[in-house]
Every structure is written in structure tokens, then in C-alpha cells.
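In: coordinates for the following, if possible.
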Amino acid sequence: ISAQGLLTVGVDVEEIPDDAYNGCSNLRNVTFAQPSKLRRIGARAFRSCSGLGAVHLPMSLTVLGASAFQSCSSLVNATFAPGINVTVVEGSTFASTRLRDLQVPRNVREIKGYAFDVQTLEYLSFESGSKLETLRSYAFGSYYASSWPWRGGDIYLPDSLRVVESYIFGYEGIAYYSQSPHRPTIVIGAESKIQSLSQSAFPNYGSQKVVIWREDLFESYSAANPYGIILAGASASRCGTNSTLRLPDGNSTVLASAYRACAVLQHVIFPASVQRVEEKAFEDCLYLEKVTFEGDSELVHIGSRAF
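Out: Model (predicted):
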């Protein structure tokens, strides 16, 4: 390490041993000379390097040891070279860092517990063509995910997944304490290959929404979580995923069963133009708490069991 805190890993280096730079608080920057031959970064190799702000891992890398960058408290940016062949992200690899934007590389097949246990994540995605098969318990957090300053969209889990264990976004989930208005919905697609989905994969705290397009998976998971906001894909397509629904201006009639069983709805706003709410329009909207009629309402008819 230079006096300026710079480390250049030479092209012929194939392994960084366990604990090699553990606790080197003066380390500021790591670069990998190209074409890198590095195959392995050992367990705790850069743990507690509190001055390290960014790292770009080379394509040659295949093994990323447990806790390799844990407690690098200034680490904001960790990126992976296109085509990198790391297949397992070990436990606590990036725990207690300050990562903001994470794209899980295509070739990763397993993410172990606490691998990305951070409280600063703003964006999370999975590279196109993801081969991810297993998410272990607490993969993306213990309690920290509940305070993510989220700025991204919904989180679409890869269709390649086969095993999803408990609390993958932490014990309290993403939405519980988050101050962000962009609380993501977790989405499982119709082509999902999931064979084992823990009943506690996604906690119910804080109105965390989960949309499951695969019918059998929806039925089993929603039955195990009767108080969760678990939406079938078709229902989510019809109802949307927002808790507040404002009907369009100029709309005069809400058709029968139009929003029936939209579990996500908590507040419906009717513009003054609405004259009729037909039968069962909002029946079985279990979380509906508030209905607002705007202006000089023209409402003349509310059908049987409309709410």
C-alpha cells in the first residue's frame, strides 16, 4: 500500500489470502491491473478497511470470500466486471458497508445470509439472464433493509430462483421504518421456477406488498400469510400496487366488481363526476379505510355490497 493509500494488484496475482488487508484503515483505493488473473479474494481480505470508498471486481474472479469487505464503512460503490464468474456471494461479504446501487451479476447462483446487509441501498436489480437459484435467510439484511433510502422501482426476483428462505430483506422487511416514498413491491413472475418459498420470506410489517403471478405459488403463500398484502398477478394488473386510488376525472360509473378484492387499496378518491358505484365494486377490499368524494359530488347510486 502506497503512502497515499493506493493498492494495485498485479496482473499475475491469482489470490489475495484470508485477512490479507484486514483492518487497513489507511487503504483508500484498490485497482486490479489488466488483464487480471485474480481468481480468489479470501475471507475478510479487506474487512474493516474504513477508508475504502469503491471497488471494481475483475472478470477473472471466481471466489469472493466471506466477510471480504465487511465493515468497510466508506464503501459506497462495488461493481462487478461484465461476465464475472463469481457463483456464490458468501455470508456478510458486503455487510455494514454503505452500498447504494447494487446489480447482482448474472452468474451468481447463491447469495448467503447477510451478504448485502446494508442500510443505505437505493437501487437493487438482477442482471439480465440471471442464473440465481438460492436466496438464503437475511441475504439482503437483518434489520437494515427496513431503513433503505429507496429510490428504485419494484424488485423483480429472477425466474431462475428455486429456493427463497426466510426474511431475505430482513426481519422487518423493506417498508417498515423506511422514510422513502418509493417503497418497492416485490414481484415473482408467472414463469418463476421457485420450488421452496419460506412462509416468512417477506415480512408483513409496514404494508409490504408482494405480487405473485404464478398461481399455485400465490395460493400457498397467501394462505400462509392471511394478514399480508399478497396480490395475485392478475389482480395486481387490474388494481395496481398503490394504496391510494383516484378515479379519473369525467368518469361517471364504477362498474360492478371493478375493484373487487383489491387488497392493496386503503384510500379511494371519487371525483365529482362519479354518479354511480355499481354492486360489489369494492367488495372484499380488506384494507380499505377511507373514501373521499371531491367537490360537489353528483353521486346518485351506490349498489348492493359496493363496499
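
In: alpha carbons only for contacts and neighbour counts from here, please
Out: Fine.

In: residues contacting residue 109?
Out: Counting by Cα atoms under 8 Å, 6 or more residues apart in numbering, residue 109 touches 87-88, 131-134.

In: what's the distance between it and residue 162?
Out: Here the criterion is Cα to Cα, to the nearest Å. By it, residue 109 lies 10 Å from residue 162.

In: mutual contacts of these two, please.
Out: Common contact partners of residue 109 and residue 162 (Cα under 8 Å, 6+ apart): 133-134.

In: residues near the spatially closest residue to residue 14 that is not a sequence neighbour, how many?
Out: Leaving aside its sequence neighbours, residue 14 sits nearest to residue 38 (Cα to Cα, 6 or more residues apart in numbering; 3.9 Å). Applying other Cα atoms under 10 Å, we find 24 residues neighbouring residue 38.

In: for residue 38, what are its contacts?
Out: The neighbours of residue 38, taking Cα under 8 Å, 6+ apart as the test, are 11-16, 58, 60-61.

In: what helix or strand is it located in?
Out: If you go by DSSP states H and E, residue 38 is not part of any helix or strand.

In: would you say residue 25 is within a helix?
Out: No: going by DSSP: H, G, I helix; E, B strand; the rest coil, the assignment for residue 25 is coil, not a helix.

In: number of nearby residues for it?
Out: Neighbour count of residue 25, defined by other Cα under 10 Å: 16.

In: picking up where we left off before, which of the contacts of residue 38 lies closest to residue 290?
Out: Among the contacts of residue 38, residue 58 lies closest to residue 290 (Cα to Cα), at 53.1 Å.

In: any idea how far that closest one is from residue 91?
Out: Distance from residue 58 to residue 91, by Cα to Cα: 20 Å.

In: Serialize the contacts of residue 109 to JSON lines and add fields for pLDDT, neighbour count and secondary structure.
Out: Converted to JSON lines, these look like this (pLDDT from 0 to 100; neighbours: other Cα atoms under 10 Å; DSSP: H, G, I helix; E, B strand; the rest coil):
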{"residue": "87", "pLDDT": "98", "neighbour count": "19", "secondary structure": "coil"}
{"residue": "88", "pLDDT": "98", "neighbour count": "20", "secondary structure": "strand"}
{"residue": "131", "pLDDT": "97", "neighbour count": "19", "secondary structure": "coil"}
{"residue": "132", "pLDDT": "98", "neighbour count": "25", "secondary structure": "coil"}
{"residue": "133", "pLDDT": "98", "neighbour count": "18", "secondary structure": "coil"}
{"residue": "134", "pLDDT": "98", "neighbour count": "21", "secondary structure": "strand"}
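
In: for the lengthiest helix in the chain, give the mean pLDDT please.
Out: Scanning the chain for the helix with the most residues, using DSSP state H, yields helix 215-224. The pLDDT scores in helix 215-224 average 88.

In: list the buried residues of it.
Out: 217-218, 221-222 (16 or more other Cα atoms under 10 Å).

In: can you pull out the helices in this protein?
Out: 215-224, 233-239.

In: worst-scoring helix or strand of this structure, pLDDT-wise?
Out: For the chain, the helix or strand with the lowest mean confidence is helix 233-239, at a mean of 67 (criterion: mean pLDDT, DSSP states H and E).
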